[in-house]
Structures are given as structure tokens and as C-alpha cells.
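Participant: Below are the sequence and a predicted model; questions follow.
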Amino acid sequence: MGIQYLAWLYKLYKDRDWSEDEGKTKAVLQTDYEAINTGPEFLYEVRLSQILCSFFVTMTFSAGIPLLYLAFFLEIVIIYWFDKFWCKKRTTHPSNHPFL
């Protein structure tokens, strides 16, 4: 998701002439504007697999490295806030997801 999202941000800011102004765009048609300003699809299954992988690595190696509990907790907090404030506002949601 990271590379795809950065590529979308590059395309978005290039269209706006590297400005934060949302009204400034080179798109003439509404469909072009929506294609540029609609972000990539948020992949829930990828995010869940990342969290589960981190969980199992933490549980496997935490007996020898107790600091992994803290690292995992910080990772979950960062993922939660990133998804809540950044991804939910800038990415599209799959239409067949039952919880949205």
C-alpha cells in the first residue's frame, strides 16, 4: 500500500502544481478530477495480515526479547491512528465491505 499511495500523492500534487489548494487543478472534466483526487483503494486484508504477522512475530520472540511487547503496542497505536486520520479520508473504500 505504501508505494501505491506515494505514487497517488505524487500524481495529485503534480496536478495541483505542488500546492495544497484543493481547488487548483489542471483537470478540465469532472471524471478527470475525480480520477486524480480519488485515492487508491484501502486494502483491509493487507492491513490485517500485517497486524497478524507482527503479532505472531512478537509472540514468538518476546520470551527472549521482552521489549517486543512495547514495540508491538506502539506499532498498533501508530497503525490505528494512521488508518483513522489518514487512510480513511484519502483512500476509497471497497463497496462490498460489510462494515462500511
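Facilitator: Done, it's in.
Participant: tell me the contacts of the nearest residue to Lys26 once chain neighbours are set aside?
Facilitator: Nearest non-adjacent residue to Lys26, counting by Cβ to Cβ, 6 or more residues apart in numbering: Asp15, 5.4 Å away. Any C-beta I mention is one placed from the backbone N, CA and C, and that applies to glycine too. By Cβ atoms under 8 Å, 6 or more residues apart in numbering, the contact list for Asp15 reads 25-27, 36.
Participant: ok, Asp15 to Trp81 distance?
Facilitator: Using Cβ to Cβ, to the nearest Å, Asp15 is found at 28 Å from Trp81.
Participant: And the next helix or strand past the longest helix along the chain?
Facilitator: With secondary structure taken from DSSP state H, the chain has its longest helix at helix 44-61. For helix 44-61, the following helix or strand on the C-terminal side (DSSP states H and E) is helix 67-82.
Participant: what comes up buried for that next one?
Facilitator: Neighbour counts over helix 67-82 (16 or more other Cβ atoms under 10 Å) mark 68, 72, 75 as buried.
Participant: how is this protein carved up into domains?
Facilitator: 1-40, 44-95 (automatic domain parsing).
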